[in-house]
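Peer 1: Dropping a prediction and its sequence here:
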Amino acid sequence: MAVVLRRGADPKYWYTFQLETFDPADDARIQAGGDWLHAEEIAYMEETEDYKKLGFRMAERPWRAEFLPQKLQLSEGSDLPDFINAFPGCSNKYANGKMVSPRLKALIETHQTDEDGWQFFPVEILNKDGSALGTYYIWWVHKVVDGLDESSEGVKSAGGGVLRAKHSRGSYAGKRSPERLRLHKSVVGGLSAWIDYRFFPDSKIFISDTLFQGMEEAGMTSFEAESVWSEV
């Protein structure tokens with residue numbers, strides 16, 4: 001089984017906190033990342049003229065510390081959950097980072113395999129008054145696969161209809177259940193976290209059910225399964 005992560009519905013953290021940049025240098029870092037990626041796109045197209053696989057090749061590139069904020073301020077609220085789905089600079093148009101607490105970072109690392117690909121970037125979190133709240137970590141998963149079973153009834157092509165073409169984009173279709181959502185075990189079987197190029201790589205992170213269960217058992221906060229996928 002595999003799980004697509006999303007922000008949990010815990011009322012303690014639902015719209016009760018807000019992270020913002022406060023240093024112009026951090027805004028500049030985020031902008032520099034967008035500029036760098038655009039230059040990479042142009043260079044890739046000039047070299048290959050492969051428009052069809054442009055998104056796939058861009059998504060699998062690791063991100064860089066100099067393109068991410070180093071400090072964020074808690075402008076609303078007084079506490080943070082273990083899993084944070086969105087924050088300033090959390091995404092480019094091909095991939096997406098999440099933010100995790102130190103204890104969730106430690107748990108994730110215990111599940112890492114040789115086939116996984118991700119990075120952790122420390123971010124200093126400040127309270128509204130400028131005092132230090134603590135250090136969190138941006139979890140940037142850059143392992144990209146094409147693992148969707150094209151015969152899955154619960155997935156349709158971005159243009160509608162059956163998902164056929166290699167590297168064609170997909171989205172949910174109807175009821176979300178493991179019987180209708182399938183992944184190729186030969187592709188994802190050895191991974192703990194990844195993004196699937198076809199299934200919204202800019203926002204969706206897949207994790208193994210063992211990692212998900214570990215998060216549940218450890219009492220991590222503010223996460224849940226958006227969907228559960230079988231492996232065939």
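Peer 2: Cool, got the structure.

Peer 1: all helices in this structure, in order from the N-terminus.
Peer 2: Remark: helices assigned in the chain by DSSP state H are 24-48, 54-59, 102-110, 185-188, 209-217.

Peer 1: list the buried ones in the first one?
Peer 2: This points to helix 24-48. Along helix 24-48, these residues count as buried under the neighbour rule (16 or more other Cβ atoms under 10 Å): 26, 29-30, 33, 36-37, 41, 44. Just so you know, the C-beta spots here come from the backbone N, C-alpha and C atoms, and that holds for glycine as well.

Peer 1: what's the least confident stretch among the helices of the chain?
Peer 2: Ranked by mean pLDDT, these end with helix 54-59 at the bottom, a mean of 70.

Peer 1: Return the per-residue confidence for the closest residue to Ile138 other than its chain neighbours.
Peer 2: Among residues not flanking Ile138 along the chain, Phe121 sits closest, at 4.2 Å (Cβ to Cβ, 6 or more residues apart in numbering). Looking at Phe121, its pLDDT is 97.

Peer 1: Starting from Leu133, give me the distance back to Phe121.
Peer 2: In this view, Phe121 and Leu133 are 17 Å apart by Cβ to Cβ, to the nearest Å.

Peer 1: before we move on, what about Ile205?
Peer 2: Taken as Cβ to Cβ, the span from Ile205 to Leu133 is 24 Å.

Peer 1: So which of these two has more stuff around it?
Peer 2: More neighbours surround Ile205 than the other of Ile205 and Leu133, with 24 against 16 (other Cβ atoms under 10 Å).

Peer 1: so what's that one up against?
Peer 2: Shown in contact with Ile205 (Cβ atoms under 8 Å, 6 or more residues apart in numbering): 4-5, 96, 98, 141, 193-195.

Peer 1: try 6 Å this time
Peer 2: By Cβ atoms under 6 Å, 6 or more residues apart in numbering, the contact list for Ile205 reads 5, 141.

Peer 1: Can you pull the phi/psi pair for it?
Peer 2: Phi and psi for Ile205, reported as degrees, to the nearest 10, are phi -110, psi 120.

Peer 1: Report pLDDT for it.
Peer 2: With respect to pLDDT, Ile205 scores 93.

Peer 1: Can you tell me the closest non-neighbouring residue to Arg57?
Peer 2: In space, Arg57 comes closest to Tyr44 once its chain neighbours are excluded; the distance is 6.1 Å by Cβ to Cβ, 6+ apart.

Peer 1: do the same with Gly189
Peer 2: Leaving aside its sequence neighbours, Gly189 sits nearest to Glu231 (Cβ to Cβ, 6+ apart; 6.4 Å).

Peer 1: In terms of pLDDT, where does the one you found sit?
Peer 2: pLDDT, Glu231: 97.

Peer 1: Same check on His167?
Peer 2: 61.

Peer 1: same deal with the one 4 residues further on?
Peer 2: The per-residue pLDDT reported for Ser171 equals 87.

Peer 1: what sits opposite it in the beta ladder?
Peer 2: With DSSP bridges as the criterion, Ser171 is bridged to Lys156.

Peer 1: Could you measure from it over to Asp209?
Peer 2: 22 Å.

Peer 1: can you give me the strands for the chain?
Peer 2: Counting by DSSP state E, the chain has strands at residues 2-7, 18-20, 71-76, 83-84, 97-100, 118-126, 132-141, 144-145, 155-157, 170-172, 182-183, 193-196, 206-208, 223-231.
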